[in-house]
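**Student:** return atomic coordinates for the entry below.
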Amino acid sequence: MKTAAAWIREGIIATGIDPASWAYAEDYTGEDDVIAGARVSAEDSGVSAIGPGAASALSMLAAAVGAKAVVEIGTGTGVSGLALLRGMRTDGTLTTVDIDAENQRLARKTFLDAGVPSQRFRLIAGSALDVVTRLTDGHYDLVFCDADKREYTAYLHEALRLLRPGGVVAFDNALWEGRIADPAHRDPDTTAIRDLIRAIREDDDLVSALLPCGDGLLAAVKRPEA
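**Tutor:** As a prediction, this is how the structure comes out:
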């Protein structure tokens, strides 16, 4: 994942915010050596890790809903998973799914290096849609998605089934390095993310926000039942 300075050099900054202020906000919480190591592993493995600002937002969302049961689609090397674990209740469990078993090996190391007990995370290697369809309806407090962009709308459908009322679903790369806002970009990944944004925005059962941190974090709360 690019650093805040790299985003600034490329000019991919939200309109109306001073680049230095954006970088300050992106790096607001800081990151420790464990996360730094996981980012190096991600770069070496060709994995795009979530940005620092979006990672801190995930920790805050997990804390805000008192998350005890969380699903992550797209483990990577553990950057986002550790952010979720650090915001969750100390008795909470993260279920994280990735098609690449090597990614999960690296994520396990990240979690253990950070002192997270092994019983607090469950690593499942496999296709996301094959795995999450077997998880329990209405059992989860938060679902985070950062995997195949063309499956994002399918992930949303499964997330709404998995979430309890008041639960949160979040998607990384919702701005897709500037492509989403530029109508000239019509490749399949960009189109799929636009479809997701539209689906969430038009769902009256969701309260959503598109946060301009990292590469964009799209988050929505499943309205509590009346």
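**Student:** switch to C-alpha atoms for all contacts and neighbour counts from now on
**Tutor:** Noted.
**Student:** so, low pLDDT: which residues of this structure?
**Tutor:** By pLDDT under 70, the low-scoring segments of the chain are 1-17, 226.
**Student:** run the last query once more with 50
**Tutor:** Counting by pLDDT under 50, the chain contains low-confidence residues at 1, 7-9, 14-15.
**Student:** where along this structure do the strands fall?
**Tutor:** Assigned strands in the chain, in chain order: 69-73, 93-98, 121-125, 140-145, 163-172, 206-211, 217-222 (criterion: DSSP state E).
**Student:** for burial, what's the neighbour tally of the residue nearest to Gly214 when sequence neighbours are not counted?
**Tutor:** Spatially, and ignoring its direct neighbours in sequence, Gly214 is nearest to Gly51 (4.6 Å; Cα to Cα, 6 or more residues apart in numbering). Gly51 has 25 neighbouring residues, counting by other Cα atoms under 10 Å.
**Student:** same question for the one 3 residues further on.
**Tutor:** The number of residues packed near Ala54 is 24, by other Cα under 10 Å.
**Student:** just to revisit the earlier point, the residue nearest to Gly214 and Asp215 touch, don't they?
**Tutor:** Yes. In this structure Gly51 lies within contact range of Asp215 using Cα atoms under 8 Å: 7.0 Å.
**Student:** list the contacts of Ile180.
**Tutor:** By Cα atoms under 8 Å, 6 or more residues apart in numbering, the contact set of Ile180 is 174, 190, 193-194.
**Student:** would you map the helices across the chain?
**Tutor:** With DSSP state H as the criterion, the chain has helices at 4-10, 19-26, 33-45, 52-64, 79-87, 101-113, 128-132, 152-162, 188-201.
**Student:** buried deepest among those, which one?
**Tutor:** Ranked by mean neighbour count under mean count of other Cα atoms under 10 Å, the helices of the chain are led by helix 79-87, which reaches a mean of 25.
**Student:** what packs against it?
**Tutor:** Under the contact definition 3 or more Cα pairs under 8 Å, 6 or more residues apart in numbering; DSSP states H and E, helix 79-87 sits against helix 33-45, helix 52-64, strand 93-98, helix 101-113.
**Student:** what's the spacing between Tyr28 and Tyr155?
**Tutor:** 30 Å (Cα to Cα, to the nearest Å).
**Student:** actually Leu206, not the one I wrote
**Tutor:** Applying Cα to Cα, the value for Leu206 to Tyr155 is 15 Å.
**Student:** out of the strands of the chain, which is closest to Arg108?
**Tutor:** With respect to Arg108, and counting by Cα to Cα, the nearest of the strands of the chain is strand 121-125 at 7.9 Å.
**Student:** what lies in contact with the closest one?
**Tutor:** Strand 121-125 is contacted from outside by 93-101, 104, 108, 131, using Cα under 8 Å, 6+ apart.
**Student:** now, the most widely separated pair of those residues?
**Tutor:** Greatest spacing in the contacts of strand 121-125, by Cα to Cα: Thr93 and Asp100 (20.6 Å).
**Student:** between those two, which has more neighbouring residues?
**Tutor:** Legend: neighbour count by other Cα under 10 Å for Thr93 and Asp100, higher for Thr93 (21 against 15).
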